[in-house]
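Student: sequence and computational prediction follow.
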There are 2 protein chains.
Amino acid sequence: MSAWEELLAQAGHRVTEPRRLVMQLLLASETPLSPQTLFESARVQHHNLGLVTIYRTLELFESLGLVCRVHLKDGCHGYLAVSPGHHHFVICERCGGSVEFPGGDDLRALIADIEARTGYRIEEHLLQLLGLCPNCQGK
Amino acid sequence: MSAWEELLAQAGHRVTEPRRLVMQLLLASETPLSPQTLFESARVQHHNLGLVTIYRTLELFESLGLVCRVHLKDGCHGYLAVSPGHHHFVICERCGGSVEFPGGDDLRALIADIEARTGYRIEEHLLQLLGLCPNCQGK
DNA sequence: CCCTTATTGATAGTTTTTTTCAATAAGAAG
DNA sequence: CTTCTTATTGAAAAAAACTATCAATAAGGG
């Protein structure tokens, strides 16, 4: 039983075929996947899968912190599997590939600075970088 | 003629009533506004305004960097006026109020670090913080 | 292996966004 | 100030994205 399956079960949710498929696809993908894409891919294996289930599954996964909704350049939503504790991605504008990176001291310093300046108490952050991956540079 | 109007004109676009209204509303608002909200508010003054125009206007403004699409906690889109050069916001999770902050040295350091680590060439970033504004803390 | 109940898929509905096209109005030119 | 060109608009309709409802199914505890 993989880590996320245990997490699911421990939270009182069932490990089902559709959920397994969605997670498999997300874990295997470098690029963020849209609900629609997930639907089409998963459907290949689970013939009578409903799109609704994808939405529900993503919502559940997100609420458990297994998955992260990211924002593509055109404003559409995509989902990426998240390794525990890290929630930041660099996304390649050309090929869509993504790499997760840890929010290190720089980010902590930045947040502390902003709390001091604005008086806001910061509880969550969304940091996403867009650029070109090594492969797509110079092409 | 305000700054953004000049920018519009210089880019070869016309300064029209709907565009003036949308920008006015965005400039006057502390909180991100959705296309729908903008539509309803602007309609009060411009009686036969079409929702389509809002979408087109926001798209145009965004392409000119006058406006920034931000992502609310529930995943919906909102738009905020952007002062030139700055593109970061802290948004209050309780009242929706927002404050823009400059991406300072910390952020530059962070980005340089990530470029070194991942090999990506970073061209754009989206940093958004969620928290509680001074007013809403402790309530 | 059975039973309870979370989960699913089909259907239908709502909301959001895009497309198309004739009518309108901004702003350059006279 | 008036005329002309053409970007922009609004209405209507369509497509896409997402949500709600509910009977049928299947996960997993007993």
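Tutor: All right, it came through fine. Numbering: from 1, shown residues only, chains lettered A, B, ... in the order given.
Student: how about the residues of chain A near DNA strand C?
Tutor: A:13-14, A:16, A:18-19, A:46, A:48-50, A:52-53, A:56-57 (CB under 7 Å from any atom of the strand). C-betas here are computed from N, CA, C, even on glycine.
Student: mind checking the SS state of A:Val44?
Tutor: Look at A:Val44: counting by DSSP: H, G, I helix; E, B strand; the rest coil, its state is helix.
Student: just to revisit the earlier point, which of the residues of chain A next to DNA strand C has the most neighbours?
Tutor: Comparing those on neighbour count, A:Thr57 comes out first with 23 neighbours (neighbours: other CB atoms under 10 Å in any protein chain shown).
Student: tell me where chain A has strands.
Tutor: A:67-71, A:77-81, A:88-92, A:98-101, A:121-132 (DSSP state E).
Student: can you put these in CSV and add mean pLDDT, distance to A:Met23 and mean neighbour count?
Tutor: Putting the strands of chain A into CSV (pLDDT from 0 to 100; distance: least, CB to CB, whole Å; neighbours: other CB atoms under 10 Å in any protein chain shown) gives the following:
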stretch, mean pLDDT, distance to A:Met23, mean neighbour count
strand A:67-71, 81, 8, 21
strand A:77-81, 87, 7, 21
strand A:88-92, 82, 18, 23
strand A:98-101, 82, 16, 19
strand A:121-132, 82, 22, 18
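Student: could I get those strands as JSON lines with distance to B:Thr37?
Tutor: Shown next, in JSON lines, are these (distance: least, CB to CB, whole Å):
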{"stretch": "strand A:67-71", "distance to B:Thr37": "20"}
{"stretch": "strand A:77-81", "distance to B:Thr37": "20"}
{"stretch": "strand A:88-92", "distance to B:Thr37": "29"}
{"stretch": "strand A:98-101", "distance to B:Thr37": "32"}
{"stretch": "strand A:121-132", "distance to B:Thr37": "21"}
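Student: who's in contact with A:Tyr120?
Tutor: A:Ile114, B:Val90, B:Cys92, B:Val99, B:Leu129, B:Gly131, B:Leu132, B:Cys133, B:Pro134 (CB atoms under 8 Å, 6 or more residues apart in numbering or on different chains).
Student: distance of the third one relative to A:Gly119?
Tutor: It refers to B:Cys92. Going from B:Cys92 to A:Gly119 by CB to CB, to the nearest Å gives 11 Å.
Student: please apply the same query to the fourth one.
Tutor: Distance of B:Val99 to A:Gly119, given as CB to CB: 9 Å.
Student: shared neighbours of those two, anything?
Tutor: Taking CB under 8 Å, 6+ apart as the contact rule, the neighbours common to B:Val99 and A:Gly119 are B:Cys133.
Student: so for B:Cys92 and A:Gly119, which residues contact both of them?
Tutor: Common neighbours of B:Cys92 and A:Gly119, counting by CB under 8 Å, 6+ apart, are B:Cys133.
Student: my guess is A:Cys107 contacts A:Leu127, does it?
Tutor: No Cys there; residue A:107 is Leu. Yes. Proximity of A:Leu107 to A:Leu127 meets the contact threshold set by CB atoms under 8 Å, at 6.9 Å.
Student: name the residues contacting each of these two.
Tutor: With CB under 8 Å, 6+ apart, A:Leu107 and A:Leu127 have common neighbours A:His88.
Student: I'd say A:Leu26 and A:Ser83 touch.
Tutor: No. Under the criterion of CB under 8 Å, A:Leu26 lies out of contact with A:Ser83, with a separation of 11.7 Å.
Student: neighbour count winner among these two?
Tutor: When A:Leu26 and A:Ser83 are compared on other CB under 10 Å, the one with more neighbours turns out to be A:Leu26, at 23 against 11.
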